[in-house]
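[1] build me a model:
(2 chains)
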Amino acid sequence: GAVVSQHPSRVICKSGTSVKIECRSLDFQATTMFWYRQFPKQSLMLMATSNEGSKATYEQGVEKDKFLINHASLTLSTLTVTSAHPEDSSFYICSAPRGFEAFFGQGTRLTVV
Amino acid sequence: GNSVTQMEGPVTLSEEAFLTINCTYTATGYPSLFWYVQYPGEGLQLLLKATKADDKGSNKGFEATYRKETTSFHLEKGSVQVSDSAVYFCALSARNAGNNRKLIWGLGTSLAVNP
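    Sure, this is the predicted structure:
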């Protein structure tokens, strides 16, 4: 089946620094990718839709300048958490749709200290 | 609008017990329905899916039938194992205003299976 690779799986960073998370579709092209955030014991919250070659579409309440998304190619989307703060600590997951299905990356556990 | 309602957890069962996790939906048009599973510390994996009414999705002993008349997609397994302990998410795929497919998620149901 289709594979989506997300990297890194875990990252610890200092407050005020920026962190980049990569999401790659390994065996198919994805013009659209989705970025989710998951809080403990809660469902996934869609943050934004990443569009290859154009600007990302952000969900209401998500700060565009804080969560920078770049979809540079048909197989790569990146999420950069800028000036991270402890409240940004969370589990971030990307997904890429193919047909009716969505394929998910392994997730990134971000801890801001 | 589109929405998914999933039974609240946590659900705790003994090994070999029967499992049902209820999921109902509201949707315009003809959505596809999914169950995803998230094992501790991992990302999500597709467990099973159904793309039209009366379809039955099945995988790893789990089953769910797309019931249009009751707008339901309940997940069942006849005999759970400790390794089934995870969080299960029901989801539907529908087209948004931009004609792009978007997943709508239930809140997830945590399952713990005791030996």
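[2] for B:N59, which non-adjacent residue is spatially closest?
    Among residues not flanking B:N59 along the chain, B:L48 sits closest, at 4.4 Å (C-beta to C-beta, 6 or more residues apart in numbering or on different chains). C-beta coordinates here come from the backbone N, C-alpha and C atoms, glycine included.
[3] hmm, B:S32 and that neighbour touching each other?
    No: the pair B:L48 and B:S32 fails to qualify as a contact (C-beta atoms under 8 Å) at a distance of 11.4 Å.
[4] tell me the centre residue of chain A?
    Closest residue to the average C-alpha location of chain A: A:W35 at 3.9 Å, with C-alpha atoms, centre = their mean.
[5] beta partners of it?
    Beta bridges link A:W35 to A:A48, A:C94, judged by DSSP bridges.
[6] OK, contacts around it?
    Contacts for A:W35 (C-beta atoms under 8 Å, 6 or more residues apart in numbering or on different chains) come out as A:23, A:46-50, A:67, A:69, A:77, A:79, A:92-94.
[7] helix/strand/coil for the residue nearest to B:N59?
    At B:L48 the chain is in strand, as set by DSSP: H, G, I helix; E, B strand; the rest coil.
[8] burial measure for it, as a count.
    Using other C-beta atoms under 10 Å in any protein chain shown, B:L48 has 20 neighbouring residues.
[9] hey, what's it bridged with?
    Going by DSSP bridges, B:L48 forms beta bridges with B:W35.
[10] what do you get for B:Y25?
    Bridge pairing for B:Y25 - DSSP bridges - gives B:V4.
[11] surely it and B:S3 touch.
    Yes: contact criterion C-beta under 8 Å: B:Y25 and B:S3 qualify, at 6.8 Å.
[12] joint contacts of those two?
    Joint contacts of B:Y25 and B:S3 (C-beta under 8 Å, 6+ apart) are B:I104.
[13] give me the contact list for the worst-scoring helix or strand of chain A on mean pLDDT.
    Lowest on mean pLDDT, DSSP states H and E among the helices and strands of chain A sits strand A:101-104, with a mean of 82. Strand A:101-104 is touched from outside by A:1-4, A:25, A:34, A:93-97, B:34, B:36, B:43-46, B:49, B:93, B:103, with contacts defined as C-beta under 8 Å, 6+ apart.
[14] now with 6 Å?
    A:A2, A:V4, A:I93, A:S95, A:A96, B:G43, B:L44, B:L103 (C-beta atoms under 6 Å, 6 or more residues apart in numbering or on different chains).
[15] my guess is the second one meets A:I93, correct?
    If I follow you right, that is A:V4. No: using C-beta atoms under 6 Å as the test, A:V4 is too far from A:I93 to be in contact (9.6 Å).
[16] returning to what we had before: and the least confident helix or strand of chain A, how far from the chain's centre?
    Here strand A:101-104 is found 13 Å from its chain centre; the criterion is C-alpha atoms, centre = their mean, to the nearest Å.
[17] any stretches of chain B with poor pLDDT?
    Along chain B, segments meeting pLDDT under 70 span B:95-101.
[18] can you tell me the residue of it closest to chain A?
    B:G43 (3.9 Å; C-beta to the nearest C-beta).
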